[in-house]
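Enquirer: Provided below are the primary sequence and the corresponding predicted coordinates.
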Amino acid sequence: MSASQREFDVVLYGATGFVGKQTVAYFAQHARGLRWALAGRNEAKLCAVQAACGAGAAGAGLIVADAQDAAALGALAARTRVVLSTAGPFALFGGPLVAACVQQKTHYVDITGETPWVRGLIDLHHAQAAASGTRIIPGCGFDSVPSDLGAWLAADALWQAFDEPCVSVKASFSMRGGLNGGTLASALNMMDTGQAKALAQPFLLNPPGTLPANAAQQTDPIAPHKDADFGAWLGPFVMGPINTRVVRRSAALLRASGVEAYDKKFAYQEYLRFGKGAAAALTAASFSFGMQSGQLAMQLAPVRRLARAMVPGPGSGPSERAMDGGSFRCALIGRTASGKLARVTLADQGDPGNRATTRMLCESALTLVHSAGDLPGGATRGGLLTPASGLGDALAARLRAAGMQIDVTTEA
């Protein structure tokens, strides 16, 4: 079915959840002329969200479909060119929707950080989606657009400027913001089901036969260190075991497609930035110890039950004021074997897990609709892709136009 035969350009699934409501508000402001719809399992709640977003959402369609109703999801996917999903935990609720999109040749984006679930999607659907040119792109929020797009921009800049492949990229994150209940529910579900063990595999998402010779050197950091390039103390980043796997898959997929910007020994790592001086060193050490201790404690079922009783539940999150006051900055440094450098910065105002995530996710969906001719690999590329391999420079251009700071420089 051609794009002109589909009733909608984008369907927002999970529209009544905490992040879902924000995607509806974003589309109400930015989707002029687009054919779009809200979808979820409760019609009354969908109507309430639509009404709350005012005139900009008044013309949007409404689709009722339960996350476990394969027939309803198939009908939903058949009506649209792109599905945008915020309905997590994705390991519990996301599988049937992705299967429907693959079956109906409908592009798909979401905000999951549940890489073990993504590994399962790769095994189930990559071959079929690749054959049909259907782009299934998980991780289009703060997990993992800044990391993945930033690493790609660094590698591509080095190749364009010096005709040399990038052998390594490292990233440092600074951020201010809160957590919402859906994010915490996803993390706790991974621990409950044993999926968290898979997170320890540095190349969890890589295609077979694509492990570099230096794979053993890319384990997740557990201790702080003073980094000369960033001029600051860096420590382990809680999202590192998610984002690094996505970046490594991008490098492998793009190399396999003929892109020469990534060296065959390409390495990627990321950290949380703590600043300079003795106080920053102490904070980095304390945080690193606390993070490791917390991860060990959360392996115990009683601790997880206590955490559930204390943290916000699904559907809740930071206040509007807190979300507006948040921010993030991701600074990346890429290198060639000869020592040439690329420096990339991605930064934005707004809580990274909500405001920035909403912008990244919505612009990812809009990239598939409006920039199809500029997508990596051309119109026929499909599969279980990543932000860099599935959206690439086209997404970077849309994010810049939407107000996100994205800077790239090179040094010989």
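Expert: Okay, I see it. Residues are numbered from 1 along each chain as shown.
Enquirer: quick one: Q68 and L97 touch, right?
Expert: No. Here Q68 does not reach L97: they are 9.8 Å apart, not a contact under C-beta atoms under 8 Å. All C-beta atoms are positioned from the backbone trio N, CA, C, and that covers glycine.
Enquirer: higher neighbour count, the two?
Expert: Set Q68 next to L97 and count neighbours by other C-beta atoms under 10 Å: L97 wins out with 27 against 13.
Enquirer: what's the helix or strand for the more buried one?
Expert: Counting by DSSP states H and E, the element that carries L97 is helix 95-104.
Enquirer: what does R343 give?
Expert: Using DSSP H and E, R343 maps to strand 341-349.
Enquirer: again, but for I136
Expert: For I136, the host element (DSSP H and E) is strand 135-137.
Enquirer: before we move on, back to that, now do the helix or strand just after the strand holding R343 against strand 341-349, angle only.
Expert: Using DSSP H and E, the helix or strand that follows strand 341-349 in sequence is helix 357-370. Note on geometry: by axes from the mean of the first three to the mean of the last three C-alpha atoms, to 10 degrees, helix 357-370 and strand 341-349 are set 110 degrees apart in direction.
Enquirer: May I ask you to confirm that A388 belongs to a helix?
Expert: Yes. Per DSSP: H, G, I helix; E, B strand; the rest coil, A388 lies within a helix segment.
Enquirer: State the distance from it to A301.
Expert: Computed as C-beta to C-beta, to the nearest Å, the A388 to A301 distance reads 37 Å.
Enquirer: What of S389?
Expert: 37 Å.
Enquirer: between the two, which one's more packed in?
Expert: S389 (27 against 10).
Enquirer: Lowest mean pLDDT among the helices and strands of this protein, which one is it?
Expert: Here the helix or strand of the chain ranked lowest by mean pLDDT, DSSP states H and E is helix 181-192, holding a mean of 67.
Enquirer: Contact partners for the closest residue to L399 other than its chain neighbours?
Expert: Leaving aside its chain neighbours, L399 sits nearest to E363 (5.6 Å; criterion: C-beta to C-beta, 6 or more residues apart in numbering). The contact partners of E363, by C-beta atoms under 8 Å, 6 or more residues apart in numbering, come to 395, 398-399, 402.
Enquirer: mind redoing it with 10 Å?
Expert: Counting by C-beta atoms under 10 Å, 6 or more residues apart in numbering, E363 touches 26, 30, 109, 140, 145, 370-371, 391, 394-402, 404.
Enquirer: Pull up the per-residue confidence for it.
Expert: E363 is assigned a pLDDT of 98 by the prediction.
Enquirer: Next, A155: secondary structure please.
Expert: Strictly by three-state DSSP, A155 counts as helix.
Enquirer: Next: D220.
Expert: In three-state terms, and counting by three-state DSSP, D220 is coil.
Enquirer: need the contact list for it.
Expert: Counting by C-beta under 10 Å, 6+ apart, D220 has contacts 199-200, 202, 236-237, 240-241, 244, 269-270.
Enquirer: again, only this time at 7 Å
Expert: Residues near D220 by C-beta atoms under 7 Å, 6 or more residues apart in numbering: 202, 236, 240-241.
Enquirer: can you pull the pLDDT of it?
Expert: D220 is given a pLDDT of 93.
Enquirer: Tell me how far it lies from Q295.
Expert: Taking C-beta to C-beta, one finds D220 at 11 Å from Q295.
Enquirer: How many residues are close by A52?
Expert: Counted with other C-beta under 10 Å, residues neighbouring A52 total 12.
Enquirer: Need the per-residue pLDDT for it.
Expert: pLDDT, A52: 97.
Enquirer: Phi first, then psi, for it.
Expert: As for A52, its main-chain torsions (degrees, to the nearest 10) stand at phi -70, psi -20.
Enquirer: do A39 as well
Expert: The phi/psi pair for A39 (degrees, to the nearest 10) reads phi -140, psi 150.
Enquirer: What residues does it make contact with?
Expert: 11-13, 15, 63, 65, 76.
Enquirer: make it 6 Å
Expert: Listed by C-beta atoms under 6 Å, 6 or more residues apart in numbering, the contact set of A39 reads 11, 13, 63, 65, 76.
Enquirer: Using the three-state scheme, assign the closest residue to it other than its chain neighbours.
Expert: Spatial nearest neighbour of A39, chain neighbours left out: I63 (4.0 Å); criterion: C-beta to C-beta, 6+ apart. Secondary structure, three-state DSSP: I63 is strand.
Enquirer: And for the one 5 residues further on?
Expert: Remark: Q68 carries the secondary structure label coil [criterion: three-state DSSP].
Enquirer: Now the element after the lengthiest strand in the chain, going C-ward?
Expert: Of all the segments of type strand in the chain, defined by DSSP state E, the longest one is strand 262-275. Counting by DSSP H and E, the next helix or strand C-terminal to strand 262-275 is helix 277-297.
Enquirer: who touches that next one?
Expert: The contact list for helix 277-297, computed with C-beta under 6 Å, 6+ apart, reads 222-224, 233, 235-236, 274, 303.
Enquirer: and the angle from that helix to strand 262-275?
Expert: Using the same axes, to 10 degrees: helix 277-297 against strand 262-275 is 110 degrees.
Enquirer: Now find how far off-centre helix 277-297 is within its chain.
Expert: 25 Å (C-alpha atoms, centre = their mean, to the nearest Å).
Enquirer: Can you name every helix or strand that the helix holding L97 contacts?
Expert: On a contact count with 3 or more C-beta pairs under 6 Å, 6 or more residues apart in numbering; DSSP states H and E, helix 95-104 meets helix 70-78, helix 115-132.
Enquirer: which residue is nearest the centroid of the chain?
Expert: Centroid-nearest residue in the chain, with C-alpha atoms, centre = their mean: G139, separated by 2.6 Å.
Enquirer: my hunch is that it is in a strand, does that hold up?
Expert: No. Under three-state DSSP, G139 falls outside any strand and is assigned coil.
Enquirer: show me the contacts for the closest residue to it other than its chain neighbours.
Expert: Nearest residue to G139 in three dimensions, chain neighbours excluded: V246, at 5.4 Å (C-beta to C-beta, 6+ apart). When contacts are counted by C-beta under 6 Å, 6+ apart, V246 touches 139, 144, 148, 386.
Enquirer: Fine, thanks again, bye for now.
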